[in-house]
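>>> Model the structure of this input:
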Amino acid sequence: MQYLIDASVYVFRAYYSMPDDMVDGDGNPVNALYGFCRFLGDFMEQVKPEHVAVLFDESLSKSFRNEIYPAYKANRDPAPPELKRQFGQCRRFTRALGLMESSHPRYEADDLIGTLVAEGRRNGMPSTVVTRDKDLAQLIDRNDVFWDFAGRGKIGYEDIPDYFGVRPEQIADFLALAGDAVDNIKGVPGVGKKTAVALLQHFGSMEILYDSLDSVHEVNVRGAKTLALKLETHKEDALLARRLTGIACDAPIERPHTGLRPVAPDLGNINALFDETGIGMALRRQAQRVADLL
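Reported below is the predicted structural model:
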């Protein structure tokens, strides 16, 4: 089993959940760094993975999806400088802990994870995707696991519909039809989440749906009689959205010669980072315990 960690989710979670009065000697916030280091240390102690990668987002405005659709994620405010600084520190900690970490200017962490999932599948290696992001559920196959660490727990392929309404292979179609406000993807006007679920349960995929518009009125959903016209009118928008919601599984990834295998932590670098940021003994002791595991 390989474990693929969607790092940005946990950096943001720490930033917004840890006290913002946690600062270094110069008054710079370190709350996201502290929370992320604790999460990663807890993960390593609990799981003791033989294969793990930690994937980061590099930019919210320069991915290949912005080239397709400039408004993609344009509704999001830029990360504040104090968070950008901590992202860099989180990456430094990840490397010092002996874990593979990577990002790419044109591909999102989702795409890097998708690429590693696909690569693992070709080599007979199942994946556990560690995230809280429903978009990544589309990568889950019958041998894989979606793990909302410290949240809802592990979710297998068969259980995905109970949490997200549709099967993993329908997630991208669902987001394209219903839209995804988080990423500023419009979807088809008049097709909300419940309608999108009903359409996909009936037809199976967006491709089959658009090949079967003359039978959309048969779907047991409110406003079914007018749905075919809405779908036809906004077909190009739906197809564009589908290009945005699908995860790319062919992204270039730089990796160390050890691949996804953890190596011994660099405790000197970790302690130097913690000295710079004023982080105390609890996380240092945890880093030592992780080192003792490897």
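>>> could I get the host helix or strand of residue 13 in PDB with only the CA atoms?
Counting by DSSP states H and E, the element that carries residue 13 is helix 7-17. Extracted in PDB, the C-alpha atoms of helix 7-17 (Å, rounded to 0.1, in the frame of the first residue of the first chain):
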ATOM      1  CA  ALA A   7      -0.700  18.300   2.100                       C
ATOM      2  CA  SER A   8      -2.500  21.600   1.400                       C
ATOM      3  CA  VAL A   9      -5.700  20.300   3.000                       C
ATOM      4  CA  TYR A  10      -3.900  19.800   6.200                       C
ATOM      5  CA  VAL A  11      -1.800  23.000   6.100                       C
ATOM      6  CA  PHE A  12      -5.000  25.000   5.600                       C
ATOM      7  CA  ARG A  13      -6.800  23.000   8.300                       C
ATOM      8  CA  ALA A  14      -4.000  23.800  10.800                       C
ATOM      9  CA  TYR A  15      -3.900  27.400   9.800                       C
ATOM     10  CA  TYR A  16      -7.600  27.900  10.500                       C
ATOM     11  CA  SER A  17      -7.900  25.700  13.500                       C
END
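>>> what helices or strands is the next helix or strand after it leaning on?
Proceeding N to C from helix 7-17, the next assigned helix or strand is helix 31-47, under DSSP H and E. Helices and strands touching helix 31-47, as assessed by 3 or more C-beta pairs under 8 Å, 6 or more residues apart in numbering; DSSP states H and E, comprise strand 2-6, helix 7-17, helix 81-96, helix 281-293. Using the backbone N, CA and C atoms, a C-beta is placed for each residue, glycine as well.
>>> can you list the residues that contact the helix holding residue 13?
Contacting residues not belonging to helix 7-17 are listed as 31-36, 38-40, 54-57, 83, 86-87, 90, 94, 101, 109, 131-133, 149 [C-beta atoms under 8 Å, 6 or more residues apart in numbering].
>>> And for stretch 109-122?
Contacts to stretch 109-122, defined as C-beta under 8 Å, 6+ apart, come from residues 2, 4, 6-8, 53, 55-57, 102-104, 126-127, 129, 131, 133, 135-136, 139, 141, 144, 247-251, 253, 260.
>>> If you average the pLDDT over it, what comes out?
Per-residue pLDDT values across stretch 109-122 average out to 97.
>>> Check which residues of that stretch are buried.
Neighbour counts using 16 or more other C-beta atoms under 10 Å place 109-121 of stretch 109-122 among the buried residues.
>>> so which of these would you say is closest to residue 234?
Within these, distances to residue 234 taken as C-beta to C-beta reach their minimum at residue 110, with 24.8 Å.
>>> Can you verify the closest one is assigned to a helix?
Yes: the secondary structure assignment for residue 110 places it in a helix, going by DSSP: H, G, I helix; E, B strand; the rest coil.
>>> Now it. Nearest residue, chain neighbours left out?
Excluding the flanking residues, the one nearest residue 110 by C-beta to C-beta, 6 or more residues apart in numbering is residue 247, at 5.1 Å.
>>> What about residue 160? Give its phi and psi, please.
For residue 160, the backbone dihedrals are phi -50, psi -40 (criterion: degrees, to the nearest 10).
>>> What is the neighbour count of it?
21 (other C-beta atoms under 10 Å).
>>> and what of residue 17?
Every residue meeting other C-beta under 10 Å relative to residue 17 is counted, giving 10.
>>> what's the most buried one of the helices and strands packed on helix 31-47?
When you average the neighbours per residue for each of those (mean count of other C-beta atoms under 10 Å), strand 2-6 leads with a mean of 25.
>>> now it against helix 31-47, angle please.
Relative orientation of strand 2-6 versus helix 31-47 (axes from the mean of the first three to the mean of the last three C-alpha atoms, to 10 degrees): 160 degrees.
>>> Give the partner strands of strand 2-6 in its sheet and their orientations.
Each strand pairing with strand 2-6, determined using DSSP bridges, is listed with its direction: strand 52-55 (parallel), strand 127-130 (parallel).
>>> Ok, which of the helices and strands packed on helix 31-47 comes nearest residue 24?
With C-beta to C-beta, the closest approach to residue 24 among these belongs to helix 81-96: 9.8 Å.
>>> sorry, back to before: dump the helices and strands packed on helix 31-47 into a markdown table; add distance to residue 188 and mean pLDDT as well.
Rendered in a markdown table, the data for those read as follows (distance: least, C-beta to C-beta, whole Å; pLDDT from 0 to 100):
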| stretch | distance to residue 188 | mean pLDDT |
| --- | --- | --- |
| strand 2-6 | 28 | 98 |
| helix 7-17 | 28 | 94 |
| helix 81-96 | 34 | 94 |
| helix 281-293 | 47 | 93 |
